[in-house]
Each structure stands twice: as structure tokens, then as C-alpha cells.
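Asker: Got a predicted model here, sequence first, then my questions.
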Amino acid sequence: MRALKLHELTLAERLADIAVDALIDEADLSPKPALVDRRGNGAHDDLHLGLMHASALSLWPMFKEMAEAALEFGEVGLPLREALGRLGREGEQAMLATTGGVNTHRGAIWALGLLTAAAALDSRDVTLNAARLALLDDRFAPRPMSHGAQVARRYGARGAREEAQLGFPSVIQRGLPQLRKSRLQNAGEQNARLDALLAIMTELADTCVLYRAGPEGLRTMQQGAQAVLDAGGSATLAGRRHLHALDTQLLALNASPGGAADLLAACLFIDRLDGAF
């Protein structure tokens, strides 16, 4: 009996797979402080793990089309930027249709969409090309300010747009180095990913937390995440105690670090590129 032979994946399909895998891996990672994971809904009353999975899978065609657009245009420029904007808005509508109107991955559409297109252009300069794309202004983008943009302006914080325009410093300078450091210390893959999330949280002005809990919530997130890492990380008993305390504090504030979660997905995407290419 001959085995079923699947078609060889195109570059765009491989990149879409990596993007969706990163979103699902982020959702599954447990125990994340005040975020949806395998334990429960965190600080959300409208989200659950199954919905996060369905949302991620609904975005696969969008990521594929973004990579194909990058390959078609072949360079960073306004035509590609505006094509990505259009595809992102279409992907958001597909996501909302899947989730019944719940915003599960709007921030991830922005971050991973840019990175997917940038990787299709050149996998060696992903964050640089993503930053160059983010700096271009999409003339057709709706102008109403998101909650994240509103609180970024109110508190003088760096929002998702600025994070991308700077080449994802929270990922490159914090998340990825901690991910690889924890792996070298034999922390285990899940603990290494938790440590990467915490490293991102230590300095990120997470607009999701600011919107829900203001500066107090942000300080709680940053200081609590640093306490886990200072105690030896999530692979240690002391680190786990601090992680549990941080989870309890953020839940009491109804503060969910969704911006950090989006950047962890970006971190996992970039990390996986190294092995894929």
C-alpha cells in the first residue's frame, strides 16, 4: 500500500505554518500570568484556549498571502506595505467571524504579519525589513485609534506600532536572549519560553496592562516578572512561587499582559526561523 504523498510546501506556506504554530505555542504555554493558557481564561471573561486555537488557524490564509505578496513585490516599499495592510484587515475580519467578534489576535496580526512578509523577503534581515515596512504609512488604513494607541499616547508609552518600527527591541534584546539562556541552563523548553515571556514583561510598557490597570498594573507586571527571573526563573521552586504571586496580583487588578504575549509569539516565530532555513 503506497503512503499518501503530500505536496511540497511553498515558502509562503511554510512561513504561514511557522506563524500559526507560534500563536498556538504561545496560547498553550502554561502557567502564564493572567493570560489564557491550559489552566483557564486568565483575566479574560470572553476568551478560552479553544477560541485562541481557532483564531490562530483562521489567520493561516492571511499569513500565506502576506508572504506571497512579499515575494511578488520583492522589496520593501509602499506597494507592499499597503498590500499587507489590506490583507491584515481582511485577516482581522476572518478572525472576528471565527471568534464571534472577540479580539483574540489583533496585535499578533500586526507583529507576525510584518515578520512573515519580512522573512519572505530575506530570512536573514527579518526585524530590519519588518521595521522598514512598519515605518511606511498605509494611506488606506482606518484612522480611529485602538485602545493600545490611546493609552500609549496618554502615558507616553511605546505601542505596538513603535515596537515594530524599532525592529522589535523587546524581542531581540530581551525575549530571544533569555529564551536561549534558559535553554543553555537546561530549564526545559516550556520553562525557557516562560522565562522569555517574563523577560519581555520586565521592560515592556504593555498597553493592554496600561489600559486595564494603569501605571500601578504596569509596575506590578514589570517588577513581578523581574522577581521571577531574579529567583532563578520559572524552572526553580522559588521562581515558581514568585510566578504564582504575580499571577494572583495581575488577576486581582484584572490586568492581562496581552502585548507581551503577542511579542512572545513574535519571539517564537523568529526563533523557529533559524531552524527552518
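Answerer: That came in fine, so what should we check first? Residues are numbered from 1 along each chain as shown.

Asker: And the lengthiest helix in the chain, what's buried?
Answerer: Taking DSSP state H as the criterion, the chain has its longest helix at helix 207-230. Across helix 207-230, burial judged by 16 or more other Cβ atoms under 10 Å covers 207-213, 217-218, 220-222, 224-229. Any C-beta I mention is one placed from the backbone N, CA and C, and that applies to glycine too.

Asker: State the next helix or strand along the chain beyond that helix.
Answerer: helix 237-253 (DSSP states H and E).

Asker: Show me where the chain dips below the pLDDT cut-off.
Answerer: Residues of the chain that meet the criterion pLDDT under 70 lie in 1-6, 144-145, 147, 275-277.

Asker: how about residue 11, what does it touch?
Answerer: For residue 11, the contact set (Cβ atoms under 8 Å, 6 or more residues apart in numbering) comprises 67, 71, 120.

Asker: Out of these, list just those in helices.
Answerer: In this view, those that belong to helices under DSSP H are 67, 71, 120.

Asker: These into CSV, with extra columns for distance to residue 134 and neighbour count?
Answerer: Listed next are those as CSV, based on distance: Cβ to Cβ, whole Å; neighbours: other Cβ atoms under 10 Å:
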residue, distance to residue 134, neighbour count
67, 17, 26
71, 19, 15
120, 16, 26
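
Asker: Looking at those, spot the one nearest residue 7.
Answerer: For the ones in helices among the contacts of residue 11, the closest approach to residue 7 (Cβ to Cβ) belongs to residue 67, at 16.6 Å.

Asker: List the contacts of the closest one.
Answerer: Counting by Cβ under 8 Å, 6+ apart, residue 67 touches 11, 12, 15, 16, 116, 117, 119, 120.

Asker: Of the residues you listed, which is the nearest to residue 81?
Answerer: residue 117 (9.0 Å).

Asker: Just to check, the closest one is in contact with residue 84?
Answerer: Yes: with contact defined as Cβ atoms under 8 Å, residue 117 and residue 84 form a contacting pair (5.6 Å).

Asker: now the helices for this protein?
Answerer: Using DSSP H, helices in the chain cover 11-28, 49-58, 60-73, 78-99, 106-121, 126-134, 147-155, 160-165, 169, 176-184, 189-203, 207-230, 237-253, 258-276.

Asker: Pick the most buried one from these.
Answerer: Ranked by mean neighbour count, the helices of the chain are led by helix 106-121 with a mean of 26 (mean count of other Cβ atoms under 10 Å).

Asker: Redo the helices of the chain as TSV? Include distance to residue 38.
Answerer: As requested, the helices of the chain are exported to TSV (distance: least, Cβ to Cβ, whole Å):
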stretch	distance to residue 38
helix 11-28	6
helix 49-58	6
helix 60-73	22
helix 78-99	19
helix 106-121	19
helix 126-134	29
helix 147-155	26
helix 160-165	26
helix 169	30
helix 176-184	20
helix 189-203	10
helix 207-230	19
helix 237-253	13
helix 258-276	14
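
Asker: which neighbours do residue 117 and residue 84 share?
Answerer: 66, 69, 70, 133.

Asker: For the last one, which residues are in contact?
Answerer: Yep, that's residue 133 we're talking about. Taking Cβ under 8 Å, 6+ apart, we find residue 133 in contact with 76, 80, 81, 84, 114, 117, 118.

Asker: And the first one, by the same measure?
Answerer: The contact partners of residue 66, taken as Cβ under 8 Å, 6+ apart, are 84, 87, 88, 113, 116, 117, 120.

Asker: one step back: kindly indicate which of the contacts of residue 67 lies nearest residue 243.
Answerer: Among the contacts of residue 67, residue 116 lies closest to residue 243 (Cβ to Cβ), at 30.8 Å.

Asker: Relative to residue 175, how far out is the closest one?
Answerer: Residue 116 sits 18 Å away from residue 175, taking Cβ to Cβ, to the nearest Å as the criterion.
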